[in-house]
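Undergrad: Please find the sequence and the predicted model below.
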Amino acid sequence: MTAPQQRPPSVDTLARSLTSSGLPHPICVDIARDAIESGDVSSAPVLAAAFSRSLLTDVVNATGVLLHTNLGRAPLAHSQPAAAQTVEFDLSSGARGSRQTAVGQLFARLTGAEDAMVVNNNAAAVLLVLAAVAAGRDVPVSRGESVEIGGSFRVPEVMEQSGCRLVDVGTTNRTRLSDYERAVARDDTDVAMVMKVHPSNYRVEGFIEETSIAELATLDVPVMADIGSGLLDANVPWLKGAPPAWLAGEPAAVQAIADGADLITFSGDKLLGGPQAGIIAGRRDLVEECKRHPLARALRPGGLVLRSLQNTALTYLDKRAAKDIAFWRMVDRTLAELRADAERIVADLDDARVQVAQMDALPGAGSAPGITMASIGLVVEGDLLEALRSHETPVIARSRDDRTFLDLRAVDPADHPVVVAALTAALT
């Protein structure tokens, strides 16, 4: 006689059994319903775990890419009370103010510009400048700078969306001042400004020539420079000693303004070390045009980003960047410090499969393309990437030739116990 088929539990009963997952009850109900409909009730905990891991989760970045785009670029700690704040309120007059005043004045001071404003990322900053200053007019750009930067940000397409017209000048590898001069002087062009773009994620070497901002500033039209990575000052005065060698050639805000750029745009979450944002700085009249443009409202950041960016700016002005900005703490760590950390982790693990090794870290996020910085990390026999990702606090590493590499430059020393626990579990 055939045994009667066991009835599945009710949706509510199965959902309540998933309470330990920490997920809200409505999500557990959805997962329970999916498991019952699939005919595999036992899959519910697996589905709950998968859902949990699809949410934003803190991880340990041991990839050696300090500004890892997939991991949120610059790591940033920020908190503020659940209180009203003067986002658009002028305390002096008691009237409505501008959300651009507080942070804008700080970045104008930091860059040496007359004025500055903030939008939600650097792509938005470029779009807004082009739309506000050059819509319906021509903008010469070197063919070598008409680039695509991560996430399908293509300069020609952004320019098309802004309403301005791209004028190609020079060649892929060589563009001279005379190329821009001819474009500006042509009878069939109506040049609003020239734009210089930091290629960001690639480097051309060999038979090359580019036109500097200082040279472009001799033209009779405004110069916009998209410097991209958000390096404030090429002299990095917040670090001890000379600027790091890997920063050589990286465009910086202070120097771009000093060289004559009328407008610059850059990211907040790369070398600046702050939240995702786009900063526009430069001539007061041009920045005002950007503030007045209808797109400015659509691209404006909220109070959380503004407060976080304000804190970042104040940190630089207080000369605390090397200590208080996570990215510059990573950069400033010596090889001796990293080696000592690696040796302590190896000693805690006491496993011959884990060795200390020298590595090359990358700035990441399109900053200083093709450039590396010396680092120290761990090499482990076997490909442990999946096991490390499965740890309670995931550890993100890289693998090659059936070996796993954990670069320690981007790993906060406070997370070393997490690395030890994740490696112990993976090796077991």
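TA: Received, thanks.

Undergrad: Now do stretch 379-390: everything it contacts.
TA: Contacts to stretch 379-390, defined as CB atoms under 8 Å, 6 or more residues apart in numbering, come from residues 353-357, 394-399, 402-406, 422-423, 425-427. Glycine gets a C-beta too; all of them are placed from N, C-alpha and C.

Undergrad: List the buried residues in it.
TA: 379, 380, 384, 385, 387, 388 (16 or more other CB atoms under 10 Å).

Undergrad: how about the third one, phi and psi?
TA: According to degrees, to the nearest 10, the main-chain angles of residue 384 amount to phi -110, psi 10.

Undergrad: Next one: residue 127 from residue 143, what distance?
TA: Distance of residue 127 to residue 143, computed by CB to CB, to the nearest Å: 21 Å.

Undergrad: try residue 10
TA: For residue 10, the distance to residue 143 - CB to CB - is 66 Å.

Undergrad: So which residues of the stretch 51-200 of the chain form strands?
TA: Ranges of strands in the stretch 51-200 of the chain, per DSSP state E, counting those that start in this stretch, are 60-61, 115-119, 138-142, 148-149, 153-154, 165-169, 194-197.

Undergrad: Which residue ranges make up the domains of the protein?
TA: The chain breaks down into these domains under automatic domain parsing: 11-49, 60-74+328-427, 101-321.

Undergrad: Using CSV, lay out those domains together with distance to residue 91 and mean pLDDT.
TA: Shown next, in CSV, are the domains of the chain (distance: least, CB to CB, whole Å; pLDDT from 0 to 100):
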stretch, distance to residue 91, mean pLDDT
domain 11-49, 40, 94
domain 60-74+328-427, 31, 94
domain 101-321, 11, 92
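
Undergrad: hmm, back to that, settle it for me: which of residue 10 and residue 143 has more neighbours?
TA: residue 143 (15 against 11; other CB atoms under 10 Å).

Undergrad: Could you pull up the contacting residues of the more buried one?
TA: Contacts of residue 143 by CB under 8 Å, 6+ apart are 168, 169, 170, 171, 172, 175.

Undergrad: if we go to 6 Å?
TA: 168, 170, 171, 172 (CB atoms under 6 Å, 6 or more residues apart in numbering).

Undergrad: Dig out what residue 404 forms beta bridges with.
TA: Following DSSP bridges, residue 404 is listed with bridge partners residue 380, residue 399.

Undergrad: So that it lines up with my notes, have the first residue be 54 from now on.
TA: Yes, from this point I'll number from 54; that puts the last item at residue 457.

Undergrad: Quick check: the gap between it and residue 441.
TA: Counting by CB to CB - residue 457 and residue 441 are separated by 7 Å.

Undergrad: okay, and the common contacts of those two?
TA: Residues touching both residue 457 and residue 441 (CB under 6 Å, 6+ apart) are residue 450.

Undergrad: And for stretch 286-301, what's in contact with it?
TA: With CB under 6 Å, 6+ apart as the criterion, stretch 286-301 contacts 305, 307, 308, 372, 374, 375, 385, 421, 424, 426.

Undergrad: Residue 412: neighbour count?
TA: 21.

Undergrad: quick one: contacts for it?
TA: 117, 428, 430, 460.

Undergrad: okay, now residue 128: neighbour count?
TA: 20.

Undergrad: What's the per-residue pLDDT of the nearest residue to it once chain neighbours are set aside here?
TA: The spatially closest residue to residue 128, leaving aside those adjacent along the chain, is residue 379, at 4.4 Å (CB to CB, 6 or more residues apart in numbering). Looking at residue 379, its pLDDT stands at 95.

Undergrad: From residue 81, how far off is residue 379?
TA: Distance from residue 379 to residue 81, by CB to CB: 35 Å.

Undergrad: again with residue 340
TA: Noted for residue 340: a distance of 50 Å to residue 81, by CB to CB.

Undergrad: any chance you could map the helices in the stretch 204-353 of the chain?
TA: With helices called from DSSP state H, counting those that start in this stretch, the stretch 204-353 of the chain shows them at 208-215, 230-238, 266-269, 306-311, 337-345, 348-352.

Undergrad: So for residue 167, which of those sits nearest?
TA: Among the helices of the stretch 204-353 of the chain, the nearest to residue 167 by CB to CB is helix 337-345 (4.1 Å).

Undergrad: among the contacts of stretch 286-301, which ones are buried?
TA: Neighbour-count burial (16+ other CB under 10 Å) applied to those gives 305, 307, 308, 374, 375, 385, 421, 424, 426.

Undergrad: of those residues, closest to residue 334?
TA: Using CB to CB, these come closest to residue 334 at residue 307, 10.1 Å.

Undergrad: Buried by neighbour count: which residues of stretch 384-396 qualify?
TA: Buried residues in stretch 384-396, defined by neighbour count with 16+ other CB under 10 Å: 384, 385, 386, 391, 392, 394, 395.

Undergrad: Can you verify the fifth one is assigned to a helix?
TA: What that stands for is residue 392. Yes - under DSSP: H, G, I helix; E, B strand; the rest coil, residue 392 falls within a helix.

Undergrad: If we ignore the residues flanking it in sequence, what's nearest it?
TA: Residue 392 sits nearest to residue 429 (CB to CB, 6+ apart), 4.8 Å away.

Undergrad: what's near enough to touch that neighbour?
TA: 388, 391, 392, 395, 411, 461.

Undergrad: and the fifth one, helix, strand or coil?
TA: Secondary structure of residue 411, reduced to three states by three-state DSSP: strand.

Undergrad: how much space between it and residue 181?
TA: From residue 411 to residue 181 the distance is 44 Å (CB to CB).

Undergrad: do the third one as well
TA: For residue 392, the distance to residue 181 equals 46 Å [CB to CB].

Undergrad: ok so, going back, as TSV, the domains of the chain with distance to residue 136 would be great.
TA: TSV is the format used below for the domains of the chain (distance: least, CB to CB, whole Å):
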stretch	distance to residue 136
domain 64-102	26
domain 113-127+381-480	26
domain 154-374	10
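
Undergrad: out of these, nearest to residue 139?
TA: The closest of the domains of the chain to residue 139 is domain 154-374. By CB to CB, the value is 7.4 Å.

Undergrad: ok now that closest one, how far from the chain's centre?
TA: The chain centroid and the centroid of domain 154-374 are separated by 16 Å under CA atoms, centre = their mean, to the nearest Å.

Undergrad: mind checking how far stretch 94-112 is from the chain centre?
TA: 27 Å.

Undergrad: How about it, which residues are buried there?
TA: Residues 97, 100, 101, 104, 112 are the ones in stretch 94-112 that count as buried (16+ other CB under 10 Å).

Undergrad: could I get the residues you listed as JSON lines with distance to residue 278?
TA: As requested, the buried residues of stretch 94-112 are exported to JSON lines (distance: CB to CB, whole Å):
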{"residue": "97", "distance to residue 278": "55"}
{"residue": "100", "distance to residue 278": "50"}
{"residue": "101", "distance to residue 278": "50"}
{"residue": "104", "distance to residue 278": "45"}
{"residue": "112", "distance to residue 278": "34"}
